[in-house]
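J.: Structural data only, the sequence is not supplied:
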DNA sequence: CTCTCGTATTTCGTATACGAAATGCAAAAT
DNA sequence: ATTTTGCATTTCGTATACGAAATACGAGAG
């Protein structure tokens, strides 16, 4: 007999819904969060909404204006640069750790994730590709067995998703980055950790340039 | 005329007090957090306490037991390893970034922090030394101008403080690490960023070994 | 005496209530 | 017409209320 479902609280539910709305762009930067409104929309009282917003505030997704409302943080291009600067170091490092802990790496899991990525790539839907991309990288973080990397990147992916939501409004810049994923996995399982790490560094660098271009250039097309 | 003080909410106050109590060891791992009790002690209602605990939960400082109470997370030695594994890469990186942004680096600030460290070192109080150590490293994070590094390390220092609170109960293991700090600053301002980064890597490695020893060995003395 | 179960008490999550500050608006003043 | 000012309304933070689930505890069965 299995233990009963660990009931989620309304605070957690509300938090997840809000963070999703922010990262998907449904709540754009600068948008004011009205507690009554949100509470009504989610069919809960204002209290869980208030708590959820406190968490968002502590995590830097929203900021209060000093007045009586909190707003979704503006998307800072400096933050974007920080994230990729950071990933350029952390992602190759995660690969090296994964190489050391190869016992925890699961080839079947890798194949599944890679297949999902191929499918998303062929479908051409950038949002699907983003989802698959995130899953691939989170798999690597898991293999690294380093909880700090996992936690910090979880936060970062929120911001990445948020910035990508902006990109998605622009022309569909197809990112030609998927094939490097399978190369990384191959190198890892061939025990060539150093090569895998190098490919990852190149991969992040390429992703940054592609996205930075898509972000800075969209005005040209409109 | 200056603008009025931005009043802190009771939720924030409560959160800060709780996180401080956890990191100082006043609330040891496994301790149950009773909302009524905390509310009474802080002279607030249960509501801000409840919200503050939600934030702690989201940030992994406390966990709920599935029952009716949340407890302070047990201190995982794996997490400790993760943090120093991570710092071994991130701290030298932060130094390299600081070297590039040397314009923001403030020699006077550095001297002040270094002097405070010397004083704490001579006083022999490990808690003061820890405080000064944290300030030194946070100065470097600031110079790196990378917000992701700052944010992730802020969380990590909570855990470091928490683990050090354990160490402090044991024999006073004096950590002979302070002089490396001034060496790092010197190299930086001499524009020898690479050397500074290397010293930082060595520094973190030394700190890890010293602390790991102090943590694993305290039983011997009791 | 030990175990089991029913009941009282504690404790939490959430809803509602309430006061204070911010905002909107319209009438009065220039 | 534009600005100022006082009042009504909105909105938030916090306190209190309430029901449900967890725990403690004692009485009865074995």
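T.: Sure, I can see it. This structure is a prediction, so every number in the text was calculated from the model and none was measured. Numbering: from 1, shown residues only, chains lettered A, B, ... in the order given.
J.: Please count neighbours and contacts with C-alpha atoms only from this point.
T.: Noted.
J.: what pLDDT does residue A:198 get?
T.: pLDDT, residue A:198: 97.
J.: That one contacts residue A:92, doesn't it?
T.: Yes. Taking CA atoms under 8 Å as the definition, residue A:198 is a contact partner of residue A:92 at 6.7 Å.
J.: These two - which one has more neighbours?
T.: Taking other CA atoms under 10 Å in any protein chain shown, residue A:198 and residue A:92 do not tie; residue A:92 has more neighbours (24 against 16).
J.: is it true that the more buried one touches residue A:201?
T.: Yes. Look at residue A:92 against residue A:201 with CA under 8 Å: they come within range, at 5.5 Å.
J.: mind listing the strands for chain A?
T.: Along chain A, counting by DSSP state E, strands occupy A:32-33, A:62-64, A:70-72.
J.: Now distance to residue B:145 and mean neighbour count too, for these, in TSV please.
T.: Formatted as TSV, those follow (distance: least, CA to CA, whole Å; neighbours: other CA atoms under 10 Å in any protein chain shown):
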stretch	distance to residue B:145	mean neighbour count
strand A:32-33	28	18
strand A:62-64	20	19
strand A:70-72	22	20
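J.: Distance check, the residue nearest the centre of chain A against residue B:122.
T.: The structure's chain A has its C-alpha centroid closest to residue A:157; by CA atoms, centre = their mean the separation is 2.2 Å. Plainly put, residue A:157 is 44 Å away from residue B:122 if you go by CA to CA, to the nearest Å.
J.: contacting residues for residue A:83?
T.: Shown in contact with residue A:83 (CA atoms under 8 Å, 6 or more residues apart in numbering or on different chains): A:156, B:148.
J.: Those residues of chain A touching DNA strand C, which are they?
T.: A:8-11, A:43-48, A:67-69 (CA under 7 Å from any atom of the strand).
J.: just these now: which is nearest residue A:181?
T.: residue A:8 (34.6 Å; CA to CA).
J.: got the contact list for residue A:92?
T.: A:196, A:197, A:198, A:200, A:201.
J.: would a markdown table of these with distance to chain B be doable?
T.: What follows is the contacts of residue A:92, written out as a markdown table (distance: CA to the nearest CA, whole Å):
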| residue | distance to chain B |
| --- | --- |
| A:196 | 18 |
| A:197 | 14 |
| A:198 | 16 |
| A:200 | 16 |
| A:201 | 14 |
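J.: hmm, back to that, which one of the strands of chain A lies closest to DNA strand D?
T.: Nearest to DNA strand D among those is strand A:32-33; the distance by CA to the nearest atom of the strand comes to 5.5 Å.
J.: Tell me if I'm right that residue A:205 and residue A:89 touch.
T.: No. Counting by CA under 8 Å, residue A:205 does not reach residue A:89; the two are 10.2 Å apart.
J.: and chain A, which of its residues are near DNA strand D?
T.: By CA under 7 Å from any atom of the strand, the residues of chain A that approach DNA strand D are A:33, A:34, A:35, A:36, A:47, A:50, A:68, A:69, A:70.
J.: go again using 6 Å as the cut-off
T.: Contact residues (CA under 6 Å from any atom of the strand) of chain A with DNA strand D: A:33, A:34, A:35, A:36, A:50, A:68, A:69.
J.: out of those, who has the most neighbours?
T.: residue A:50 leads those on contacts (other CA under 10 Å) with 20 neighbours.
J.: ok, now which ones touch that one?
T.: With contact set as CA under 8 Å, 6+ apart, residue A:50 has these partners: residue A:35.
J.: residue ranges with poor pLDDT in chain A?
T.: Chain A contains residues with pLDDT under 70 at A:168-176, A:215-222.
J.: and with 80 instead?
T.: A:1-3, A:5-6, A:124-126, A:165-178, A:210-222 (pLDDT under 80).
J.: Tell me where it has helices.
T.: For chain A, helices defined by DSSP state H occupy the ranges A:10-23, A:35-42, A:46-58, A:77-100, A:107-123, A:126-144, A:147-169, A:179-189, A:193-216.
J.: so what secondary structure elements neighbour the second one?
T.: Packing partners of helix A:35-42 (3 or more CA pairs under 8 Å, 6 or more residues apart in numbering or on different chains; DSSP states H and E): helix A:46-58.
J.: just the angle between the helix it packs on and helix B:46-58, please?
T.: Counting by axes from the mean of the first three to the mean of the last three CA atoms, to 10 degrees, helix A:46-58 points 50 degrees away from the direction of helix B:46-58.
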